[in-house]
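[1] With the sequence up front, the predicted model follows.
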Amino acid sequence: MKYDCIMDSQDKEEKMNEEQEKKDLLETKEIFAKAGAIITGDHFVYAKKPDGWYHGLDYVNKDAIYPFVNSVSELCRKLARRFWDYSVETVVGPTVGAVVLSQWTAYWLARAFKQDVMAVFADPEEIFEERKIGLQAEMEFNAFGKVRIKGEQIDMERGLASIAFFDKIYSRRVIRRGYDRHVTGKKCLIVEDIINSGETVRMTIDAVKRAGGEVLGVACLCNRSGKKVSAET
């Protein structure tokens, strides 16, 4: 599987033309700077992941980019160019922001291939497990994430109740809305805007595989994971 990113915090073994690589990086930074998307010199708490909170001194506000259609198109053209040698049939982006990236990246790949390239997205899904316990006058229990509680079988004389609740076991990404037909048996490219822990990308890869698709690679605008997320991981 190939992994590529315009603004990467690690060296890549395989690079396209070095001059073009430098040009793309410079132009990408200019696009982000013009949109006011790069904030430095402060303390930021990034989105919480299953393994905890991520912190940093810089923040890339990718949402500042999306209103500028021409800039987004150009960024996606740069991503697509890195995969012109791959027979990509479907581009998959995790919601929300990467949906836009999947559309424009598919557009530029389709122009290069002179044939249709589909664009779909992976929705989040939370998996719950039902648990039932008998309760007395007071209760105490631990549960991970969201909990839905439903009381039933209340015994007014004994003051007992049976409580059913749903404990979130884990989260994942899924290909819904009938889009799985564009993934099953297809060669897929996953696109993302910013990678921190890589958890969203991992879940999107799993979603594509469950739908019967083949993951050719991952492309992103900015990889902030250091060496945690690469083609090998």
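    Right, received. Where do you want to start?
[2] you'd agree residue 130 is in a strand?
    Yes: per DSSP: H, G, I helix; E, B strand; the rest coil, residue 130 lies within a strand segment.
[3] now it, nearest residue through space, not along the chain?
    Once flanking residues are discounted, residue 130 sits nearest to residue 166: 5.4 Å by Cβ to Cβ, 6 or more residues apart in numbering. Heads up, the C-betas are built off the backbone N, CA and C, glycines and all.
[4] Quick check: which element contains that neighbour?
    strand 160-174 (DSSP states H and E).
[5] now do residue 217
    Per DSSP H and E, residue 217 falls inside strand 214-223.
[6] and if you look at residue 121?
    Following DSSP H and E, the helix or strand that holds residue 121 is strand 118-135.
[7] thought residue 172 was touching residue 205?
    No: assessed by Cβ atoms under 8 Å, residue 172 is found out of contact with residue 205, at 11.0 Å.
[8] and those two? which has more neighbours close in?
    Just comparing residue 172 and residue 205: by other Cβ atoms under 10 Å the higher neighbour count belongs to residue 205, 20 against 17.
[9] Measure how buried residue 122 is and give me the count.
    A count of nearby residues for residue 122, using other Cβ under 10 Å, gives 28.
[10] what bridges to it?
    Residue 122 forms beta bridges with residue 94, as assigned by DSSP bridges.
[11] Tell me which residues touch it, please.
    When contacts are counted by Cβ atoms under 8 Å, 6 or more residues apart in numbering, residue 122 touches 92, 93, 94, 95, 173, 174, 175, 203, 204, 207, 208.
[12] buried subset of the residues you listed?
    92, 93, 94, 173, 174, 175, 203, 204, 207, 208 (16 or more other Cβ atoms under 10 Å).
[13] how near is residue 177 to residue 99?
    With distances taken as Cβ to Cβ, to the nearest Å, residue 177 is found 12 Å from residue 99.
[14] Just put the buried ones among the contacts of residue 122 in CSV and tack on distance to residue 223.
    As requested, the buried ones among the contacts of residue 122 are exported to CSV (distance: Cβ to Cβ, whole Å):
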residue, distance to residue 223
92, 18
93, 16
94, 15
173, 19
174, 24
175, 24
203, 17
204, 15
207, 20
208, 19
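[15] Reformat those residues as TSV; add pLDDT and distance to residue 111.
    As requested, those are exported to TSV (pLDDT from 0 to 100; distance: Cβ to Cβ, whole Å):
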residue	pLDDT	distance to residue 111
92	98	19
93	96	18
94	96	24
173	94	28
174	95	29
175	95	25
203	94	30
204	96	24
207	97	27
208	97	23
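[16] Taking the residues you listed together, which two end up most distant?
    With Cβ to Cβ as the measure, no two of the buried ones among the contacts of residue 122 lie farther apart than 93 and 174, at 13.7 Å.
[17] Can you list the buried residues in the strand holding residue 121?
    Of the residues in strand 118-135, 118, 119, 120, 121, 122, 123 count as buried by neighbour count, 16+ other Cβ under 10 Å.
[18] The second one is in contact with residue 88, isn't it?
    No: proximity of residue 119 to residue 88 does not meet the contact threshold set by Cβ under 8 Å, at 10.6 Å.
[19] what about the strands in this structure?
    Secondary structure of the chain (DSSP state E): strands at 2-8, 38-39, 44-45, 55-56, 59-60, 90-94, 118-135, 147-155, 160-174, 187-195, 214-223.
[20] about what we covered before: note down every partner strand of the strand holding residue 217 and its orientation.
    If you go by DSSP bridges, strand 214-223 pairs up with strand 2-8 (parallel), strand 187-195 (parallel).
[21] tell me the angle of the last one relative to strand 90-94?
    This points to strand 187-195. 30 degrees (axes from the mean of the first three to the mean of the last three Cα atoms, to 10 degrees).
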